[in-house]
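Peer 1: model this:
(2 chains)
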2 protein chains.
Amino acid sequence: VTDARPRFAGADWGTTRLRVWLFGPRGEVLGERRSDEGLLAAQPDRFAGILEAQLASLGAARDLPVVICGMAGARQGWVEAPYVHVPATPAETFGSAIRVPGTTRDIRIIPGMAQADADAPDVMRGEETQLAGLEAVEGSRLVCMPGTHSKWVGMEDGTVAGFQTFMTGELFSVLSGHSILLHATGAPPASFDPTSKSFAAAIRTAFHDGHGFATNLFRVRAGSLLSGTDREHASATLSGLLIGAEIGAATARFGHPAQPVALIASGAMAELYAAALEAVDLPAATVDADAAVRNGLVAAARVLGLDAG
Amino acid sequence: VTDARPRFAGADWGTTRLRVWLFGPRGEVLGERRSDEGLLAAQPDRFAGILEAQLASLGAARDLPVVICGMAGARQGWVEAPYVHVPATPAETFGSAIRVPGTTRDIRIIPGMAQADADAPDVMRGEETQLAGLEAVEGSRLVCMPGTHSKWVGMEDGTVAGFQTFMTGELFSVLSGHSILLHATGAPPASFDPTSKSFAAAIRTAFHDGHGFATNLFRVRAGSLLSGTDREHASATLSGLLIGAEIGAATARFGHPAQPVALIASGAMAELYAAALEAVDLPAATVDADAAVRNGLVAAARVLGLDAG
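Peer 2: The predicted model follows:
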């Protein structure tokens, strides 16, 4: 129990969900709300109302400032916060945050990062804040943020040098839900043991032979027809093929990391990627994704001077 | 105009469509019907009725024998025709055709081929008949049969040595219809120029870097966000990435072909793959897919002695 009053609020407003926290003077969490009112659920004129309702339910003062990361700053979001181009530090994105116009409350939206490389155009929104929540490390560091669209980030002394997005989670979902592989895996969500041999074998296959992606996939179906393999095996194989190719491409792009891969993830996703990295002998250090985004929002509030209240 | 009476009928009964031909004594086509009553539309007890209705509309005699290739022989089809394992010739699959029980008409179903290799399990049904429709060639030959599930086949002196299936067409469809790439490509069917620079560039990227599949895909989305690329460009890029990876993996598996790739395809699909093979400097000789399956059915009828009537 703390009697500190909130100094600012932070929000991670993604495509499918919204999370809001109240923070005290030392960045401690004084309140939290989670909702399904992500970007897909919010109409353009409803962002302010949704946020105010969440803040009211947390008992936040009417003048409590708010810092927001994520898709709220996308073109189809609340107010567009134009991308900061890499190389850049996460703190530079905070300095470029946009103030939402027309509100009495001070609300800032953190921009994402863009890589305007003709050969590797890429974008992120929200992950820059998680990166700011990592403890500082000197030298080269490889960061993995798994999910619907996994991001791999090459950092140099705290600067984002480059990054790559992989549609791994979405591929798993559309392939197991909408392709012929549905017959082998069953409809998502999948349930399989990330420590299984099937998963590790598929990780290694794809890590070493990403080229054969579309044919490796069909083996999930053919294996099911010829050997009657079960759904758990098929799901583990499909997931392993996707994640193994992701790790193979990321390490090809950013080089074999000298330090453990910083794996920003929580729960089942953290277990899945930890097992995947272990299958190809890559050391990893897991950082809780929720803690990373909270730490990043606190860092952003400090850069923006919102924590003085 | 010919006054020859039909000697036998042939059918290609696939997942989504049924085609039936009447053939004369020299294998010439005397009648043809196309229908959407593929495997997905046919209930287990409706196969006989569907086939008889098509034959009746062609005026076929009640005792005209029929040879069928394709999914009608699958476990979930009319009568299961167990796979013939490779290495094998197409003629061997004809010799293993199953006679449909309980019908007065002589109806045979050609089995597919299976590759029971633990590292590369694979299956085909229908393509073995198209392979039989190719003109014989000595030595090594690489065959490409593009489609929803593209097949690449390594042949040695007319024997199928091995093959690989790629879910290329299905991946294009589920990714452009059910993933975030829909925003970039628009819903399928896609329309783009296979001779465009976008398509050739994506073919080459993926041919040389199949590993980066899931990240190359995301570039379609990021490129659209950052540069406002149009739908035709996005569709051409997505298709090129998928087909380029397919060609890269197939030539990695079967080796760089000494003879032109036999491309069994028709219409827009033939143009698409001809452009793709040209982009990576692989000579190709196109064989019309309809002609190949008809020639194969005629060859099957001869092996089975159905053409004597």
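Peer 1: so where do the helices sit in chain A?
Peer 2: Taking DSSP state H as the test, the helices found in chain A are A:47-57, A:90-95, A:127-132, A:168-178, A:182-185, A:197-208, A:213-227, A:231-254, A:267-279, A:289-303.
Peer 1: pull the CA atoms of the first one into CSV?
Peer 2: So that's helix A:47-57. C-alpha atoms of helix A:47-57 as CSV (Å, rounded to 0.1, in the frame of the first residue of the first chain):
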residue,chain,number,x,y,z
PHE,A,47,-10.3,7.8,-28.7
ALA,A,48,-10.7,10.6,-26.2
GLY,A,49,-13.8,9.1,-24.7
ILE,A,50,-12.3,5.6,-24.3
LEU,A,51,-9.2,7.0,-22.6
GLU,A,52,-11.2,9.3,-20.3
ALA,A,53,-13.4,6.5,-19.2
GLN,A,54,-10.4,4.3,-18.3
LEU,A,55,-8.8,7.2,-16.4
ALA,A,56,-12.0,7.9,-14.6
SER,A,57,-12.4,4.3,-13.5
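Peer 1: that older thread, now tell me which of the helices of chain A the model trusts least on average.
Peer 2: Mean pLDDT is lowest for helix A:213-227 among the helices of chain A, at a mean of 82.
Peer 1: how big is the angle separating that one from helix B:168-178?
Peer 2: 110 degrees (axes from the mean of the first three to the mean of the last three CA atoms, to 10 degrees).
Peer 1: coming back round to it: nearest approach to B:Thr251 belongs to which of the helices of chain A?
Peer 2: Comparing the helices of chain A against B:Thr251 with CB to CB, the closest turns out to be helix A:213-227 (12.2 Å). For glycine as for every other residue, the C-beta is placed from the backbone atoms N, C-alpha and C.
Peer 1: Now do the closest one: which elements does it pack against?
Peer 2: Packing contacts for helix A:213-227, counted by 3 or more CB pairs under 8 Å, 6 or more residues apart in numbering or on different chains; DSSP states H and E, involve helix A:182-185, helix A:197-208, helix A:231-254, strand B:122-124, strand B:159-166, helix B:168-178, helix B:231-254.
Peer 1: In TSV, list those along with distance to A:Thr286.
Peer 2: As requested, the helices and strands packed on helix A:213-227 are exported to TSV (distance: least, CB to CB, whole Å):
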stretch	distance to A:Thr286
helix A:182-185	26
helix A:197-208	17
helix A:231-254	15
strand B:122-124	38
strand B:159-166	35
helix B:168-178	30
helix B:231-254	31
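Peer 1: re earlier: may I see the helices of chain A organised as TSV, with mean neighbour count added?
Peer 2: Below are these laid out as TSV (neighbours: other CB atoms under 10 Å in any protein chain shown):
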stretch	mean neighbour count
helix A:47-57	17
helix A:90-95	21
helix A:127-132	28
helix A:168-178	22
helix A:182-185	20
helix A:197-208	21
helix A:213-227	23
helix A:231-254	25
helix A:267-279	19
helix A:289-303	22
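Peer 1: if we can go back for a sec, out of the helices and strands packed on helix A:213-227, the one nearest A:Gln115 is which?
Peer 2: Within the helices and strands packed on helix A:213-227, the stretch nearest A:Gln115 is helix A:231-254; the backing value is 11.6 Å (CB to CB).
Peer 1: is chain B contacted by the closest one?
Peer 2: Yes: Helix A:231-254 comes into contact with chain B (CB under 8 Å from any CB of the partner chain), by way of A:242, A:245-246, A:248-250, A:252-253.
Peer 1: Quick check: A:Ala214 touching B:Leu241?
Peer 2: No: A:Ala214 is not in contact with B:Leu241 according to CB atoms under 8 Å; the separation is 10.2 Å.
Peer 1: Run through the residues that contact the residue nearest to A:Ala270 when sequence neighbours are not counted.
Peer 2: Nearest in space to A:Ala270, with sequence neighbours left out and distances taken as CB to CB, 6 or more residues apart in numbering or on different chains, is A:Thr286 at 5.2 Å. The neighbours of A:Thr286, taking CB atoms under 8 Å, 6 or more residues apart in numbering or on different chains as the test, are A:263-265, A:270, A:274.
Peer 1: In those residues, find the pair that's most separated.
Peer 2: Based on CB to CB, the longest span within these runs between A:Ile264 and A:Ala274 and measures 11.8 Å.
Peer 1: who's in contact with A:Ala299?
Peer 2: Counting by CB under 8 Å, 6+ apart, A:Ala299 touches A:90-91, A:94, A:132-133.
Peer 1: And the residues of helix A:231-254 next to chain B, which is closest to chain B?
Peer 2: A:Ala249 (4.2 Å; CB to the nearest CB).
Peer 1: What sits closest to the closest one if chain neighbours are left out?
Peer 2: Distance criterion CB to CB, 6+ apart; nearest residue to A:Ala249, sequence neighbours excluded, is B:Gly212 at 4.2 Å.
Peer 1: Next, count neighbours for the one you found.
Peer 2: Residues lying near B:Gly212 (other CB atoms under 10 Å in any protein chain shown) number 28.
Peer 1: ditto for A:Arg105
Peer 2: Using other CB under 10 Å, the number of residues around A:Arg105 comes to 17.
Peer 1: isn't it right up against A:Val67?
Peer 2: No: A:Arg105 lies out of contact with A:Val67 (CB under 8 Å); the separation is 11.6 Å.
Peer 1: where's A:Leu241 relative to B:Arg253, distance?
Peer 2: Distance of A:Leu241 to B:Arg253, computed by CB to CB, to the nearest Å: 16 Å.
Peer 1: typo on my end, it should be A:Gly177
Peer 2: Separation of A:Gly177 from B:Arg253 (CB to CB) stands at 29 Å.
Peer 1: just A:Met71 next, same as before
Peer 2: 41 Å.
Peer 1: circling back: and which of the residues of helix A:231-254 next to chain B is nearest A:Ala236?
Peer 2: A:Ala236 has its nearest neighbour among those in A:Leu242, at 11.1 Å by CB to CB.
Peer 1: Now do the contacts for the closest one.
Peer 2: A:168, A:171-172, A:206, B:214.
Peer 1: again, only using 6 Å
Peer 2: Taking CB atoms under 6 Å, 6 or more residues apart in numbering or on different chains, we find A:Leu242 in contact with A:168, A:171-172.
Peer 1: ok, how many other residues are close to the nearest residue to A:Ala97 once chain neighbours are set aside?
Peer 2: Leaving aside its chain neighbours, A:Ala97 sits nearest to A:Arg108 (4.1 Å; criterion: CB to CB, 6+ apart). As a burial measure, A:Arg108 scores 23 neighbours (other CB under 10 Å).
Peer 1: so which of the helices and strands packed on helix A:213-227 gets nearest A:Asp119?
Peer 2: Distance to A:Asp119, taken as CB to CB, is lowest for helix A:231-254 among these, at 11.0 Å.
Peer 1: Could you quantify the relative orientation of the closest one and helix B:213-227 as an angle?
Peer 2: Put simply, helix A:231-254 runs at 60 degrees to helix B:213-227, going by the same axes, to 10 degrees.
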